[in-house]
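Sequence unavailable; structure follows:
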């Protein structure tokens, strides 16, 4: 018998890291890319979990400092469609900039709300 630890849900909590600058996007008169702004509440993102892409809206953001002084950034994202995933799985985060989805960061799934099937 195969036992799966994966669960299906539409709300995930992620620990994320944002890139300093956008790749492949130039600002006027500068050769460097534009700076990546922090996530904001109710912002629409594209989240890639494994091979699946799902739209989502940021419902909450939390930043805390750990005992080593590093900042732990977490966000809760409500996905537009249910995904089957596991805690600890890596994700990619994209934002719509100039009508194109641009990679702005990456993260790890730290929790979520399971869905009854």
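All right, it came through fine. All figures in this text were calculated on a predicted structure; none of them were measured in a lab. Numbers count the residues shown, from 1 in each chain.

CA only for contacts and neighbour counts going forward, please
Noted.

what's the pLDDT at the residue nearest the centre of the chain?
Taking CA atoms, centre = their mean, the centroid of the chain lies closest to residue 93, which sits 4.2 Å from it. On the pLDDT scale, residue 93 is placed at 97.

got it, and the one 5 residues further on?
On the pLDDT scale, residue 98 is placed at 86.

So which bits of the lowest-mean-pLDDT helix or strand in the chain are buried?
Scoring the helices and strands of the chain by mean pLDDT, DSSP states H and E places strand 21-26 at the bottom, with a mean of 76. Using 16 or more other CA atoms under 10 Å as the test for burial, strand 21-26 gives 21-22.

after that strand, next one along is what?
Counting by DSSP states H and E, the element after strand 21-26 in chain order, helix or strand, is strand 33-35.

Now the following helix or strand past that following strand: average pLDDT?
Downstream of strand 33-35, the first helix or strand assigned by DSSP H and E is strand 44-49. Mean pLDDT, computed over strand 44-49, is 96.

Strand 44-49: partners in the sheet, and parallel or antiparallel?
Strand pairing for strand 44-49, determined by DSSP bridges: strand 52-65 (antiparallel), strand 90-97 (antiparallel).

Name the surrounding residues that touch it.
53-58, 85, 89-96, 101 (CA atoms under 8 Å, 6 or more residues apart in numbering).

picking that back up, among the strands paired with strand 44-49, which comes closest to residue 79?
Closest to residue 79 of the strands paired with strand 44-49, according to CA to CA: strand 52-65, at 4.1 Å.

buried sites along the closest one?
54-59, 61.

Stretch 35-50 now?
Applying 16+ other CA under 10 Å to stretch 35-50 flags 36, 39, 44-49 as buried.

From the chain's centroid, how far away is that stretch?
Put simply, stretch 35-50 sits 6 Å off its chain's centre (CA atoms, centre = their mean, to the nearest Å).
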